[in-house]
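Engineer: I would like to see how this sequence folds:
(one chain, ligands or ions: 1)
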Amino acid sequence: MSVDPRQFRDAMGHFATGVTVLTTRHEGALHGMTANSVTSVSLDPMLILVCLMKDARTALAIQAAERFAVNILTEGQDELSQRFARPGQDHFDGLELMEGPHGLPLLPDCLAHLAAQVTEIVPAGDHDVVFGEVDHVHVNPNGGAPLLFFQGGYRKLPGMTRLG
Ligand SMILES: Cc1cc2nc3c(=O)[nH]c(=O)nc-3n(C[C@H](O)[C@H](O)[C@H](O)COP(=O)(O)O)c2cc1C
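Structural biologist: Have a look, this model is predicted:
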């Protein structure tokens, strides 16, 4: 059975995810992009992966810098997600940044931040799978609800009801 790319996107759109902004600093310049293809891979060593479009400018900067930060967004940060999903603008304009390890820019008021050193890049179709070893984590003590992405739109977690 042949699958249309739109059907593939539609089907995967039913897999709800959180939303992150990946940030890096390369040769003094700041880069950032919205990404939801973030996955925890291994505990020992602590590895994460992100799938990055080959021509995304932030992807190239992450490869060059060999480091990136993962900013996990809260439900109130959908505009921030939109901002970092638009190519060709100064994403960081007017934002009050925090400085993470190795000068990585961290966005304020996120649910959590991680920083990682790139360990491997595996080409996969029109994307690259970038693996990183986590060497810094910070969880916002104020907590909060996550920003979700589902069926092509931003969502809130209703009531945060815990099952089981
Ligand atoms: C919710 C959401 C999730 C996204 N996830 C990814 C992703 O996992 N990988 C990716 O390459 N692009 C992803 N994108 C698209 C990039 O954010 C977008 O192409 C961005 O413009 C790339 O920025 P840059 O080229 O300026 O670095 C996502 C966009 C949105 C809105």
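
Engineer: when you work out contacts or count neighbours from here on, use the C-alpha atoms and nothing else.
Structural biologist: Will do.

Engineer: who does the helix or strand residue 22 falls within touch, helix- and strand-wise?
Structural biologist: Counting by DSSP states H and E, the element that carries residue 22 is strand 20-26. Here strand 20-26 touches strand 29-35, helix 57-65, strand 67-72, helix 78-85, strand 105-106, going by 3 or more Cα pairs under 8 Å, 6 or more residues apart in numbering; DSSP states H and E.

Engineer: can you rerun that using 10 Å?
Structural biologist: For strand 20-26, the packing partners by 3 or more Cα pairs under 10 Å, 6 or more residues apart in numbering; DSSP states H and E come out as strand 29-35, helix 57-65, strand 67-72, helix 78-85, strand 105-106, strand 112-124.

Engineer: strands paired with it, and their directions?
Structural biologist: Here strand 20-26 is paired, per DSSP bridges, with strand 29-35 (antiparallel), strand 67-72 (antiparallel).

Engineer: let's have the helices and strands packed on strand 20-26 in CSV, adding distance to residue 146.
Structural biologist: Putting these into CSV (distance: least, Cα to Cα, whole Å) gives the following:
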stretch, distance to residue 146
strand 29-35, 14
helix 57-65, 23
strand 67-72, 8
helix 78-85, 10
strand 105-106, 17
strand 112-124, 10
